[in-house]
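Participant: the following block contains a protein sequence and its predicted model.
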Amino acid sequence: MSEAKRIQTYDLVADPTVILDEQFDLSSGQILFKPVAFGTNSGITRFFRTTRDFIKDIDRLYNGQEYYFAVTAYSRATQAGFLPAYLESDPSLITVIPKIPFGTQLTSAIGDTAAKATHIGASDGNVIPIVSNPTKLTGHDYEVTFADDGAGGTKWTLKNVTAGRVALADQTNQSGDENYLFADGFQLRVLGAPNSFKNFIVTANGGGKLDPPEMGCFGFNDSGFPFFNGADRPGARQQVTAGHGFWGIHTADNGTRNLFTAFLGRTSNNDANWPRIIPHDWEIRFTEAGGYAHDPFQTGKSFKVPFELWRIGDARKNDPSDDVRFIPHVLDDDESGTFNLCKAHINGAADHSISGGDNDPFTDWVYFATPTDVTPGDAGYKAWEAAELAMVASGEALIANETLRRVVLVSWNGGSVSDPTYPANLNQQLPETGTIFQLITTKPNTPTDKFTFKTAAPIITADLQAASANDIGVFPNPYYAFNPAEVTGINRFITFNNLPPNAKIRIFNLAGQLVRTIEKTEAGNPSQFQRWDLLNTSGLPVASGMYIAYIEATLPATGQSVSKIVKFAVIQEQEVLEYF
């Protein structure tokens, strides 16, 4: 290990990059804290790929050459003052020999996607089999299924359907990173749905249900909003009642105008609300009855609003039986006690526009707050409403946990609110009764989901094997005093390559004398390489000169025997006796 070269370090992202531990310092003769390990905060991976010889410092690896790698694991003490602060395991040694498989046509390369999976189910997840060893691909059918993990999530299993065996069981990683196990020549990366929204759409307006639905948000300003059917802004059927512009969802202008920063919380805890948002879908329904909202930000008051907020489960199921009505929290921008276009914007006191200045006014900010009772229906909301109105009368309020934040409705191209032709009553500028905005989230993998795929095995035929046998060779040729792969000056050798599992090698000198016979069997040496130690049948070093190897190779596909003649030169190192 003293001559080894460190190639790469993989560690947890949260690890320190430098670990200090007590070490004896030769120069001072004292015990000092010195660096003993250097991390990279790269994350853990299960493979390392290279085409470089790090010892010789060249960007090339040679077929038939042995390369030695060592893998160790290290840990650090997490308790302050604990010694030793650093421990490292003994190295696990791995020998690697690059080669071209005998008589084989590979169907893919390392890093390729082995197959595209077919999905049965409603999730937005995926599985991607990444080729790790093209020679090990089976050509079999596989399936990936999911089960509850008992902790609110799912675990997955990979089954080789053709062979009737489980390849990987009870796996939990669905991040899509590189930390997955390997099976049958590939690494299966299972991806859960990303924490995101898929579509913001309008499913109804004052005229009834929209079929098909239309774009319900603004995606043209690269702020994270999803497009719908290629559109980047609302369609004509969401036109403002007064004839000005079109209504769509956006976020309040909090400095970034970014969907995830605004909807989920501040930058420091952007992901905090996703477990409450996914896998549900959400609706803003403008109804005749409307409801009450509370302003915990400006006035502390409750007031009537013309809409209802609903958590609707999964929109694809179209099943209202599990819908839950949520509580509106509203930032009443002008403290008017009404839900309207932002008064600060109307008065010109601040620019609260989304994209087009005064031409695109938007509403007060809306927050989805969770009722205590989340049984299907509006019982939880009604209980809050009754208690809220009673408490507001006494100057108090009920504050619920917010799930979605800072949602606003924008009147795109709605015109200047200072235009004298604009309706005097701001409430008339809101979306018409019957309008429903729907926020559709991505869906995680569940036990109802299944992915299937089939890998492509390497192609092995008698013709390919016969052609491969014609490429049998020997290296180094000539052998000139030494072989770069030799580790000592005593154990000398040359290597025959591209051999099938079973072969007989007869080596002759130019006089036709049999020098050595080597039997290669699959049981003793299944690789495509066979070494000759440059010794004759009597175990003595052969003389320098030209040699001929007559090789009889047995083709695995047919059992047929084919032959190949190889010529090579051996030039032995001059030997000088020190004692005689």
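Facilitator: Nice, thanks for sending it over. Numbers count the residues shown, from 1 in each chain.
Participant: state which helix of the protein is the longest.
Facilitator: Longest helix in the chain, counting residues (DSSP state H): helix 379-393.
Participant: helices and strands around the helix or strand that that one is followed by, which ones?
Facilitator: Sequence-wise, the next helix or strand downstream of helix 379-393 (DSSP states H and E) is strand 402-412. Helices and strands touching strand 402-412, by 3 or more C-beta pairs under 8 Å, 6 or more residues apart in numbering; DSSP states H and E, are strand 246-251, helix 259-264, helix 274-277, strand 281-294, strand 365-369. For every residue, glycine as well, the C-beta is placed using N, CA and C.
Participant: least reliable of the ones you listed by average pLDDT, please.
Facilitator: Lowest mean pLDDT of the helices and strands packed on strand 402-412: helix 259-264, a mean of 61.
Participant: let me know the pLDDT of Ala344.
Facilitator: For Ala344, the model assigns a pLDDT of 45.
Participant: helix or strand for the residue lying closest to Pro91 once chain neighbours are set aside, which one?
Facilitator: The shortest distance from Pro91 to any non-neighbouring residue, by C-beta to C-beta, 6 or more residues apart in numbering, is to Ala70 (3.7 Å). Per DSSP H and E, Ala70 falls inside strand 67-71.
Participant: what's the average pLDDT for the next helix-or-strand element following that strand?
Facilitator: Tracing the chain C-terminally past strand 67-71 and defining elements by DSSP H and E, one meets strand 74-76 next. Strand 74-76 comes out with an average pLDDT of 88.
Participant: quick one: list the elements packing against the helix or strand Asp463 falls within.
Facilitator: Asp463 belongs to helix 462-469 when assigned by DSSP H and E. For helix 462-469, the packing partners by 3+ C-beta pairs under 8 Å, 6+ apart come out as strand 104-105, strand 561-571.
Participant: repeat that for 6 Å
Facilitator: Applying 3 or more C-beta pairs under 6 Å, 6 or more residues apart in numbering; DSSP states H and E, we find helix 462-469 packed against no helix or strand.
Participant: flag every buried residue along that helix.
Facilitator: Judged by neighbour count using 16 or more other C-beta atoms under 10 Å, the buried positions of helix 462-469 are 464-466, 468-469.
Participant: ok, then the element right after that helix?
Facilitator: Following helix 462-469 in sequence, per DSSP H and E, is strand 473-475.
Participant: what sits up against that next one?
Facilitator: With contacts defined as C-beta atoms under 6 Å, 6 or more residues apart in numbering, strand 473-475 is touched by 494-497, 566, 568.
Participant: re earlier: my guess is the residue nearest to Pro91 contacts Asp90, does it?
Facilitator: No: contact criterion C-beta atoms under 6 Å: Ala70 and Asp90 do not qualify, at 9.3 Å.
Participant: so between those two, which is more surrounded?
Facilitator: Ala70 (13 against 9; other C-beta atoms under 10 Å).
Participant: which pLDDT value goes with that one?
Facilitator: 93.
Participant: and the helix holding Asp463, what's its mean pLDDT?
Facilitator: 91.
Participant: mind starting the numbering at 39 from now?
Facilitator: Let's use 39 as the start, then, which means that last one is helix 500-507.
Participant: extract the CA atoms of that helix and return them as CSV.
Facilitator: C-alpha atoms of helix 500-507 as CSV (Å, rounded to 0.1, in the frame of the first residue of the first chain):
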residue,chain,number,x,y,z
ALA,A,500,-20.6,-20.1,-33.8
ASP,A,501,-19.6,-17.7,-36.5
LEU,A,502,-18.6,-15.0,-34.0
GLN,A,503,-16.6,-17.5,-32.1
ALA,A,504,-14.8,-18.8,-35.2
ALA,A,505,-14.0,-15.2,-36.1
SER,A,506,-12.8,-14.5,-32.6
ALA,A,507,-10.5,-17.6,-32.6
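Participant: for the longest helix of the chain, packing partners?
Facilitator: Taking 3+ C-beta pairs under 6 Å, 6+ apart as the contact cut, helix 417-431 packs with strand 362-369.
Participant: quick one: mean pLDDT over the strand it packs on.
Facilitator: For strand 362-369, the mean confidence score works out to 94.
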